[in-house]
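Participant: Generate coordinates for the sequence data below:
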Amino acid sequence: MAIVHPQIDPVALDLGFIQLHWYGLMYLLAFATAYGLALLRTKSRDDFTAEMVSDLVFFGSVGVILGGRIGYVILYNFSEFIANPTYLFRVWEGGMSFHGGFIGVLVAMWFFAKKYQKSAFTVLDFIAPCVPTGLLFGRIGNFINGELWGRVSDSNISHLMYFPQAAHADLALINSDSSLQALAQNIGGYLLLPRHPSQLYQAFTEGVLLFILLWWFSSKPRPRYAVSALFLLGYGCSRFTTEFFRQPDVGYELIFGWMSKGQLYSLPMIVFGVILMVLAYKNKVYDWQKAQTM
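Facilitator: Alright, predicted model coming up:
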């Protein structure tokens, strides 16, 4: 028996003169957690300081916000932007692209590396283990907003959910395929279909599991490129897999009849991750060594 998505107020805190949305709160938690984890990483190595971490998180925050929003508009909703250019700035409505944010962070880390005269991959290897918690909070924000829901399923899975926010999409599916009528439930006057809570699947794989893997892997000195490579491989594979449970973006037909845009954009990450990992263990350049204990 599927359950109904809890209709959580998108406003987490309303002080009258200002409102704090859950989506914004998730970003604050993401940046604060990344800052704390990065500080913790400086305890085991001497090539990054607390002052550098402050700069690093600031550069990364700017990169992920600008890149994430611009990437979403260009990759997923460019027609809306052409019709109404102010759509780019309506961030409170949601709509951030990981792949756009990733490119934004790469550009930001390049500027940071130039400022501190470091290799860009030295910086990326340092910060990569701090990223998955941000992905975790982002996916939780998606779930709270009831957006980016999963695909319809007729499986006998107890955690399938009815998303009231998907009412129009569900009705369109029912009208196009009458057999789905048997799955529909009348909830609040709307016919809703059971869907995978794919936001939670992605929160667990891209957030929790990837964080554990990267934190463990980076706890020992690894050759330059290796940690970044593992991030690309881990994220690319988890995103590619969970996209099978996520509803494809409106207006985009599946490539080859099965591949979503998210999967298409993840493939280069997987390929580049493999290449970087091979280069890492071929070149064997180490940026830091674990301190010796007496």
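Participant: first to last residue in stretch 249-265, what's the distance?
Facilitator: Criterion C-alpha to C-alpha, to the nearest Å; first-to-last residue distance in stretch 249-265 is 13 Å.
Participant: and that stretch, which residues are buried?
Facilitator: Met259, Ser260, Lys261, Gly262, Gln263, Leu264, Tyr265 (16 or more other C-beta atoms under 10 Å). For every residue, glycine as well, the C-beta is placed using N, CA and C.
Participant: and which of those residues is nearest to Val64?
Facilitator: Set against Val64, the nearest of the buried residues of stretch 249-265 by C-beta to C-beta is Tyr265 (15.9 Å).
Participant: so who does the closest residue in space to that closest one that isn't next to it in sequence touch?
Facilitator: Distances taken as C-beta to C-beta, 6 or more residues apart in numbering put His99 closest to Tyr265, at 4.5 Å, once the chain neighbours are dropped. Taking C-beta atoms under 8 Å, 6 or more residues apart in numbering, we find His99 in contact with Gly71, Leu75, Tyr265, Ser266.
Participant: So which residues make contact with the strand or helix carrying the last one?
Facilitator: In this case it means Ser266. If you go by DSSP states H and E, Ser266 is part of helix 261-283. Contacts made with helix 261-283 from outside it, assessed by C-beta under 8 Å, 6+ apart, are listed as 75-76, 99, 102, 222-226, 228-233, 235-237, 239-240, 243, 246, 248-249, 252, 255.
Participant: Which of those residues are buried? Put it as a PyMOL command.
Facilitator: One line in PyMOL is enough to select the buried ones among those; burial here means 16+ other C-beta under 10 Å:
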select buried, resi 75+76+99+102+222+223+224+225+226+228+229+230+231+232+233+235+236+237+239+240+243+246+248
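Participant: State whether Phe17 is indeed within a helix.
Facilitator: No: Phe17 is assigned coil when assessed by DSSP: H, G, I helix; E, B strand; the rest coil, not a helix.
Participant: Phi first, then psi, for it.
Facilitator: Phe17 adopts backbone torsions of phi -80, psi -10, taken as degrees, to the nearest 10.
Participant: Check the burial of it by counting its neighbours.
Facilitator: Using other C-beta atoms under 10 Å, Phe17 is surrounded by 5 other residues.
Participant: same deal with Tyr286?
Facilitator: For Tyr286, the neighbour count with other C-beta under 10 Å is 11.
Participant: Give the full set of residues in contact with the residue nearest to it when sequence neighbours are not counted.
Facilitator: Take Tyr286 and drop its neighbours on the chain: the residue closest to it by C-beta to C-beta, 6+ apart is Pro221, 5.3 Å away. Residues in contact with Pro221 (C-beta under 8 Å, 6+ apart) are Tyr286, Asp287, Trp288, Gln289, Lys290.
Participant: Against Met277, how distant is Pro221?
Facilitator: Using C-beta to C-beta, to the nearest Å, one obtains 16 Å as the distance from Pro221 to Met277.
Participant: Could you identify the helix or strand that succeeds the helix or strand harbouring Leu106?
Facilitator: Using DSSP H and E, the secondary-structure element containing Leu106 is helix 98-115. Towards the C-terminus, the helix or strand next in line after helix 98-115, according to DSSP H and E, is helix 120-127.
Participant: pLDDT averaged over the longest helix along the chain - what is it?
Facilitator: Among the elements of type helix in the chain, defined by DSSP state H, the one spanning the most residues is helix 50-76. Helix 50-76 shows an average pLDDT of 90 in the prediction.
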